[in-house]
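Q: Got a predicted model here, sequence first, then my questions.
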Amino acid sequence: MFEKAKLKKAIKKSKEHIAEIEQKRTRSQAALVEAILRHTEPDDRDVDFFNQFTAQIDEERENLHRLTKELEALEKK
């Protein structure tokens, strides 16, 4: 029982972290879209931030997927 509660808490925290990183990524994404619409070269920093945040989101989603599978396995027992 304790393990299930611990996993549920970790899943909630992971989802919140993903939402936080996605919000940060939105700022750089907006700058990239603006550069595209204005037919200008995007700032390298915006591209770097977007790539970094995307990598962090992908990593955290993998973690969330792993935690969810662990919880599902415990609930089947």
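A: Alright, I've got the coordinates. Numbers count the residues shown, from 1 in each chain.
Q: How about residue 64, nearest residue that isn't a chain neighbour?
A: Once flanking residues are discounted, residue 64 sits nearest to residue 14: 4.4 Å by CB to CB, 6 or more residues apart in numbering. From N, CA and C alone the C-beta is placed, and that goes for glycine too.
Q: what sits against the one you found?
A: By CB atoms under 8 Å, 6 or more residues apart in numbering, residue 14 lies in contact with 60, 63-64, 67.
Q: Closest one of those residues to residue 76?
A: residue 67 (15.2 Å; CB to CB).
Q: is it true that residue 53 touches residue 27?
A: No - using CB atoms under 8 Å, residue 53 is not in contact with residue 27; the gap is 9.0 Å.
Q: more neighbours, these two?
A: The neighbour comparison of residue 53 against residue 27 (other CB atoms under 10 Å) goes to residue 53, with 19 against 12.
Q: give me the element the more buried one is part of.
A: helix 44-76 (DSSP states H and E).
Q: mean confidence score for that helix?
A: Averaging the model's pLDDT scores along helix 44-76 yields 96.
Q: mind listing what's buried in it?
A: 46, 49-50, 53, 56-57, 60, 64, 67, 70-71 (16 or more other CB atoms under 10 Å).
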